[in-house]
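Student: structure for the following, please:
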Amino acid sequence: MLYLLNADRGGADSVAHLIAAGKIVHLPCPSYPEYQEHMRSLIAKPTGEDDTIVLDTLDRMGETTRGDIKLGPGADTDIWAARKKLIGEDDFGASYSAAATSIMRWLRNANNRGYRIITVCHENEQFDREAGFKKRAPQLNPKFYDSLIGSCTDCFRLTVLREDRLDGEGRVVARAGTRVIQTTMDDDAICKYQVTPDEEGSYPVIPKFIPNPTMRRIWKVLKKKPSWLTIYGESGSGKTTLACSEVYPEPAPKKETK
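Tutor: Below you'll find the predicted structure:
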C-alpha cells in the first residue's frame, strides 16, 4: 500500500483519482501533530513488502513544523497575539534544528520498520563542499539537507527539458518538453544513488538521465527498489505523480509486428 502524507495540500490533485480508487491512502498533514499521529499509526502496523510512505513535500512540512514550534499548531491560533514569537530571532536556529530532527526521526523509524520512503522536495540551491560552489538540490536549510542526504539511499532531480537533448553524435535522444530524472551529480545538480554489484563484482551502468520516468522504470535501471528515495525539482514538474506512479497499472507490452 502507498501512504501519501500530504503537507502540500495542492500536491494531491494529480493523484486524486488514485486516492478515490483506494490505491493510495491520503493522510493530510496540515500541522506537525497530524504528521506525528499518522507516522505513529503507520509504524504500529505490520508492514508488507511494498508498503511505501510518500512525504509530499518535505520542505513544506519543515515550514509547517517550524511555525508550529513558534506559534502552536492550533488552527485558531491568534497570529497577531503571537507575533513576537513569529518575528523573534532568539530561537531561530533552535526551531530549524528541532523541525528537522522531529520530522526525520519519524521517517527513519518507519524506514527501519520496513517501509520504503519517498521524500518529495522543491528545489533550490545548496553549497557543495567538495565542488566549492552551489548546485541545485532539495530546498531545505543546511542542517535539514545534511540530515536528509545522510539518510536517503538515492536522491534524483526531476526536470522538464527546455531544449532537445543530444547524444555524442548530435542525435536527438529526448525532445524539449520531456520529463527526465537526473541520477548522477554534475556541475549543475546534486544527485546520488546506491547500487549493488553482481556476483562478479561489476556495478550496473546507470544512465545520467531517465526520460519519461516512472517508479518501475527507475527500479529497472537501478536493479532495485530504493529503500529511501528523494525526488526534488521545480513546481509543476510532476514530482507527486512520479512518486505515486508505482500504483498505476503496468502498461501492456507492445505487440511485435512482422
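
Student: hey, let's count contacts and neighbours off CA atoms from now on
Tutor: Will do.

Student: what's the following helix or strand after the helix or strand bottoming out on mean pLDDT in the chain?
Tutor: Using mean pLDDT, DSSP states H and E, helix 83-87 stands out as the lowest-scoring helix or strand of the chain, at a mean of 51. Beyond helix 83-87 in the direction of the C-terminus, DSSP states H and E gives the next helix or strand as helix 92-112.

Student: now that following helix: mean pLDDT?
Tutor: pLDDT averaged over helix 92-112 equals 86, rounded to a whole number.

Student: what comes up buried for that helix?
Tutor: For helix 92-112, the neighbour count (16 or more other Cα atoms under 10 Å) marks 95-100, 103-104, 106-108, 110-111 as buried.

Student: contacting residues around it?
Tutor: Among residues not part of helix 92-112, those counted as contacts by Cα atoms under 8 Å, 6 or more residues apart in numbering are 36, 39-40, 42-43, 61-62, 65-66, 69-70, 117, 141, 143-144, 147-148, 151, 227-228.

Student: do the same with stretch 214-232
Tutor: Stretch 214-232 is contacted by residues 111, 115-123, 137-138, 151-158, 195, 204, 206-207, 210, 239, 242-246 when judged by Cα under 8 Å, 6+ apart.

Student: out of those, which end up buried?
Tutor: Neighbour counting by 16+ other Cα under 10 Å classes 111, 115-123, 137-138, 151-158, 195, 210, 239, 242-246 among the contacts of stretch 214-232 as buried.

Student: restrict stretch 10-17 to CA atoms and write it as CSV.
Tutor: Taking C-alpha atoms only, stretch 10-17 is exported to CSV below (Å, rounded to 0.1, in the frame of the first residue of the first chain):
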residue,chain,number,x,y,z
GLY,A,10,-2.3,21.0,-3.7
GLY,A,11,0.1,18.2,-4.3
ALA,A,12,-2.5,15.5,-4.2
ASP,A,13,-4.6,16.9,-7.1
SER,A,14,-2.6,15.0,-9.7
VAL,A,15,-3.3,11.7,-8.0
ALA,A,16,-6.9,12.4,-6.8
HIS,A,17,-8.3,9.6,-9.0
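
Student: buried residues in it?
Tutor: Of the residues in stretch 10-17, G11, A12, V15 count as buried by neighbour count, 16+ other Cα under 10 Å.

Student: neighbouring strands for the longest strand seen in the chain, and are they parallel or not?
Tutor: For the chain, the longest strand by residue count, based on DSSP state E, is strand 116-128. Strand 116-128 pairs in its sheet with strand 52-56 (parallel), strand 133-138 (antiparallel), strand 228-233 (parallel), by DSSP bridges.

Student: can you put these in a markdown table and add mean pLDDT and distance to V180?
Tutor: As requested, those are arranged in a markdown table below (pLDDT from 0 to 100; distance: least, Cα to Cα, whole Å):
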| stretch | mean pLDDT | distance to V180 |
| --- | --- | --- |
| strand 52-56 | 97 | 19 |
| strand 133-138 | 94 | 15 |
| strand 228-233 | 98 | 11 |
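
Student: of all the ones you listed, which one is nearest R165?
Tutor: The minimum distance between R165 and these falls on strand 228-233, with 18.3 Å, by Cα to Cα.

Student: all strands of the stretch 101-250 of the chain, in order?
Tutor: Along the stretch 101-250 of the chain, the segments classed as strands by DSSP state E, counting those that start in this stretch run 116-128, 133-138, 154-160, 165-166, 172-174, 179-182, 209-211, 228-233.

Student: output the contacting helices and strands for the fifth one.
Tutor: Think strand 172-174. For strand 172-174, the contact count by 3 or more Cα pairs under 8 Å, 6 or more residues apart in numbering; DSSP states H and E identifies strand 165-166 as packing neighbours.
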